[in-house]
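> Model the following, please.
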Amino acid sequence: MQLLPDDAEPWLLATVPLDETTGADRELASLHDAIRRRHTSRYPFSEEPVPTALLDGLRAAAHLEGCRLTVPDTWHIDTVHR
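Model (predicted):
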């Protein structure tokens, strides 16, 4: 992989060559067929709150990955809707 931008092409952010996978990447390659079956629901979620214990577990998992999970509250949602 070559990181960019290049002064000659400032809108091009990266190029990623595709080639044979080796080692641990073969496990990821086995998931390729799942891409076609994947779908996203655009329907609204229910009003049922997510249990606190589940949110705590998700936050802990995100933390282990070096991330932070932020769950939007009513204020965030209202702001986005406006």
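
> Any stretches of this protein with poor pLDDT?
Within the chain, the stretches with pLDDT under 70 are 1-5, 20-24.

> Could I get the full set of helices for the chain?
Shown for the chain, the helices assigned by DSSP state H span residues 25-29, 32-37, 52-64, 74-81.

> now those helices in CSV, with distance to T15 and mean neighbour count?
All C-beta atoms are positioned from the backbone trio N, CA, C, and that covers glycine. Output for those, formatted as CSV (distance: least, CB to CB, whole Å; neighbours: other CB atoms under 10 Å):
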stretch, distance to T15, mean neighbour count
helix 25-29, 18, 10
helix 32-37, 21, 8
helix 52-64, 30, 11
helix 74-81, 34, 9
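
> May I see the ones you listed organised as TSV, with distance to L12 added?
Listed next are those as TSV, based on distance: least, CB to CB, whole Å:
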stretch	distance to L12
helix 25-29	25
helix 32-37	24
helix 52-64	31
helix 74-81	31
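
> right, and those - which one's nearest D19?
helix 25-29 (10.3 Å; CB to CB).

> what's the first-to-last distance across stretch 35-43?
Distance between the two ends of stretch 35-43: 21 Å, counting by CA to CA, to the nearest Å.

> Okay then, goodbye and thanks.
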